[in-house]
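Chemist: Here's my sequence, what's the structure:
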Amino acid sequence: MPLLLPRLRRSFLSNFIPRLFIGLAFIYVYCEYLIYYVTQIQCGWAMLSKEPTEGVEPVYAMVIADTHLLGSRNGHWFDKWRREWQMHRAFQAAMTLHSPEVVFVLGDLFDEGKWCPEKEFNDYVERFYKLFEVPETTAMYSVVGNHDIGFHYRITPHLAKRFETRLKSPPVQLVSIRGNHFVLINSMAMEGDGCTLCARTVAEIANISNILKCSSGSSLCKGKRRLERYSRPIIMQHYPLYRESDTICTEPDAAPLPERNSLFEERWDCLSKESTEYLVESLHPRAAFGAHTHHSCMLRHSFVPTTDHKIEFVEYTVPSFSWRNRLDPKYYLLTITPEEVKVSKCGLPREWTLQITAILMTLALLVYLRYYTSVNTLNYKLLSGKKV
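Modeler: So this is what the prediction gives:
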């Protein structure tokens, strides 16, 4: 019996300590990795209202916005590290669970792109592609935001050129996938003042507009280039289209009050009214996606350029993907055919959800270890002949 008691104590310690470390390790892995899968597995691709044309598969696209990767000027290094790896884990979970064939990033990839020198910008780009890595089977397209190159008044040819070159993001780009057409636009180049960048952008929009007219069989066609299959395009840009404010946004994750009632400043918070009308009349979109506000919004637009013609479409403002900008970051999943655009909004775990989950799991671990300790203490007393 005297030899059994030390052995029992050693057995207790050799089992207690591993249980403690295994429990803490599981809590860490769950709160830092698995929770992103648990939350996002609840979100999936939206169902189409009708079957697509035979032989034509829907396009499955993911849309994120406003990642705002920190540079060397703003924020503490720990905040920078924490937020970036949160986005990385969340993005990789989304890619694993949903496997989109194309990802659109709607601007403000970088928080300090408009200020940083060349070496820092190159580091920025490498970090972005590392954090938001996609498989070879997935295409990624980025549109520029005001934090990437600055608002219109401070854009230089160098700032615009380096983003275009490194991110493969010209001021206007037409992307066609199985009869679905996306027009990617530099919002800051829609100033309408005839600057070099603006003139280039307007000329390319006019060219794409003509391609779309020719593809649709319009009598206004002035060229020979046509798309293999016509459908109204989808606009992708950083700014929202013109609206007076977010007051008309009724989504649960719209801008909070009283911020929601603040009037927008054209060319700063949204496109100008003139630029919006120009885009709509030139491209006749069936949907539009923007960002910039960091909040969600869905609007149904109806433009009537002439008395016998109406252009109707839905505009979505995509919330920020970063915990620095929102307590509940979001992204969109799009199921697209030439006839339909269906949208699912997916949420990432809130910061407090991560913290409360960690606290509750730690408390559960402590209760379990307390119970384990009590049972072993009772066994020790019984074997030692002590009164229980």
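
Chemist: now what about stretch 161-176, what contacts it?
Modeler: Applying C-beta atoms under 8 Å, 6 or more residues apart in numbering, the external contacts of stretch 161-176 come out as 102, 109, 113, 118, 121-122, 125, 141-144, 148-149, 160, 181-186, 189, 197, 200-201, 204-205, 208, 211, 227-228, 233. From N, CA and C alone the C-beta is placed, and that goes for glycine too.

Chemist: Report the buried members of these.
Modeler: 102, 109, 113, 121, 125, 141-144, 148-149, 160, 181-186, 189, 197, 200-201, 204-205, 208, 211, 227, 233 (16 or more other C-beta atoms under 10 Å).

Chemist: Narrow those to those in strands?
Modeler: Counting by DSSP state E, the buried ones among the contacts of stretch 161-176 place 102, 141-143, 181-185 in strands.

Chemist: So for the residue nearest in space to the middle of the chain, what's the pLDDT?
Modeler: Centroid-nearest residue in the chain, with C-alpha atoms, centre = their mean: Ile64, separated by 1.9 Å. What the model reports as pLDDT for Ile64 is 98.

Chemist: same deal with Gly194?
Modeler: For Gly194, pLDDT reads 86.

Chemist: for Phe303, same thing?
Modeler: pLDDT at Phe303 comes out at 90.

Chemist: cool, His158 as well?
Modeler: So His158 comes in at 95 (pLDDT).

Chemist: Also the one 3 residues further on?
Modeler: For Lys161, the pLDDT comes out at 96.

Chemist: separation between it and Tyr230?
Modeler: Distance, Lys161 to Tyr230, by C-beta to C-beta, to the nearest Å: 33 Å.

Chemist: Which residue of those two possesses the greater neighbour count?
Modeler: Set Lys161 next to Tyr230 and count neighbours by other C-beta atoms under 10 Å: Tyr230 wins out with 18 against 12.

Chemist: how much space between the more buried one and His147?
Modeler: Tyr230 sits 35 Å away from His147 when distances are taken as C-beta to C-beta.

Chemist: Also Ser49?
Modeler: For Ser49, the distance to His147 - C-beta to C-beta - is 37 Å.

Chemist: Compare these two (neighbour count), which wins?
Modeler: Neighbour count, other C-beta under 10 Å: between Ser49 and His147, His147 has more, with 23 against 9.

Chemist: OK, contacts around that one?
Modeler: Contacts of His147 (C-beta under 8 Å, 6+ apart): 68, 107-108, 110-114.

Chemist: What is the burial count for the closest residue to it other than its chain neighbours?
Modeler: In this structure, His147 finds its nearest non-sequential neighbour in Asp108, 4.3 Å apart by C-beta to C-beta, 6 or more residues apart in numbering. Other residues near Asp108 come to 26 when the count uses other C-beta under 10 Å.
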